[in-house]
Structure formats: structure tokens, C-alpha cells
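Asker: Please find the sequence and the predicted model below.
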Amino acid sequence: MASESGRDAARIRWLVAARFSEHPRGEFFAVAPDTLDGALAARLGRLAVRVPDRLGEGDLRTVAFEVARLRTFTLGGMAEAVPELRALKALADRPPSPGEAARVVEAAVGPGKLARACAAAAGDPAVPAPATSGAAASVDAFV
């Protein structure tokens, strides 16, 4: 048996058993490192998933994004691919003034939890401070 070295020794085999469409095709295909990104983009294209909404008013938010390459599924890739996250990253890179933060955040992700938190942090009297519970409430009551 020959000893493997270099790229052959680092070969990874994946079996993806998932339904990426309403009508699974039962298709098998092989990809090489240089064709993986193209295969993902061609087969997945645009995905839309429902996730807990930590930004807006709802319980769930639909997040849609283009799958351009495997890197899309990393934290940095998601921040680039999801429009709301991309907008928030741009705000983090160039923060608005505290007085403008809530308006700018609301324009980026819609009205809701995050925009209210920004307004409260900026001291907007029209926005009540977030309710505290547990240990934070006990400390607030004590102080």
C-alpha cells in the first residue's frame, strides 16, 4: 500500500443527505476542491430560512441569502450574504452618532427590539428602559 502525502492525504469525503428543494432529485455528484464552490452555487442558489427574530418585532424572521461558495456558511460569510447582517456590519464599521443610531438601525433591519434598545441606550425618553429580570432586577432593586 502506497503512502499518501500532500493534498491526497488531506482528502475529505462528505455525504450530504438533505432536501434542498421541494422535489428532491436523488442526485449524486462528485466535486473537486476547485469545483465545490460552483457546485454549491448551482445547486443551492438562493436559500431562505426562518430563524428566531432578535432584531425586529416578530417571533421569527425569514432570512434570504445567495450561496456563492462554501465560505457563505461561515460566520463572516453570513455577515456578507444576509442583507440585514451586512447593513449592521457596515454600521459597526462606521457607527452613527448615538442620537441617530436607532433611526439608522431601524432603516437597516426594521422596527423592533434592536432599534428600541439603541434608542434606550441613547437616552431617548420616549423609549422605556428594557425590563430586567432575575439577578439584574435584584441588583437594581437593592441599589
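Answerer: Yes, it's here.

Asker: in the chain, what spans have low per-residue confidence?
Answerer: Applying pLDDT under 70 to the chain flags the ranges 1-21, 24, 125-143.

Asker: quick one: the strands in it?
Answerer: Secondary structure of the chain (DSSP state E): strands at 46-52, 60-66.

Asker: Distance to R25 and mean neighbour count added to those, as JSON lines?
Answerer: All C-beta atoms are positioned from the backbone trio N, CA, C, and that covers glycine. As requested, these are exported to JSON lines (distance: least, C-beta to C-beta, whole Å; neighbours: other C-beta atoms under 10 Å):
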{"stretch": "strand 46-52", "distance to R25": "17", "mean neighbour count": "11"}
{"stretch": "strand 60-66", "distance to R25": "21", "mean neighbour count": "15"}
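
Asker: need those strands in CSV with distance to E100, can you?
Answerer: Shown next, in CSV, are the strands of the chain (distance: least, C-beta to C-beta, whole Å):
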stretch, distance to E100
strand 46-52, 27
strand 60-66, 24
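
Asker: Identify the spatial nearest neighbour of the most centrally placed residue in the chain, chain neighbours not counted.
Answerer: The structure's the chain has its C-alpha centroid closest to M78; by C-alpha atoms, centre = their mean the separation is 4.8 Å. Nearest non-adjacent residue to M78, counting by C-beta to C-beta, 6 or more residues apart in numbering: L85, 6.2 Å away.

Asker: The one you found reaches A79, doesn't it?
Answerer: Yes - with contact defined as C-beta atoms under 8 Å, L85 reaches A79; the gap is 4.7 Å.

Asker: between these two, who's got more neighbours?
Answerer: In terms of neighbours (other C-beta atoms under 10 Å), L85 is the more surrounded of L85 and A79; the figures are 18 against 14.

Asker: residue ranges of the helices in the chain, please?
Answerer: 36-44, 75-81, 83-93, 98-109, 113-121, 135-142 (DSSP state H).

Asker: Just list the residues touching the nearest residue to R69 once chain neighbours are set aside, thanks.
Answerer: The shortest distance from R69 to any residue other than its chain neighbours is 3.7 Å, reached at D37 (C-beta to C-beta, 6+ apart). Contacts here follow C-beta atoms under 8 Å, 6 or more residues apart in numbering; on that basis D37 touches A68, R69, L70.
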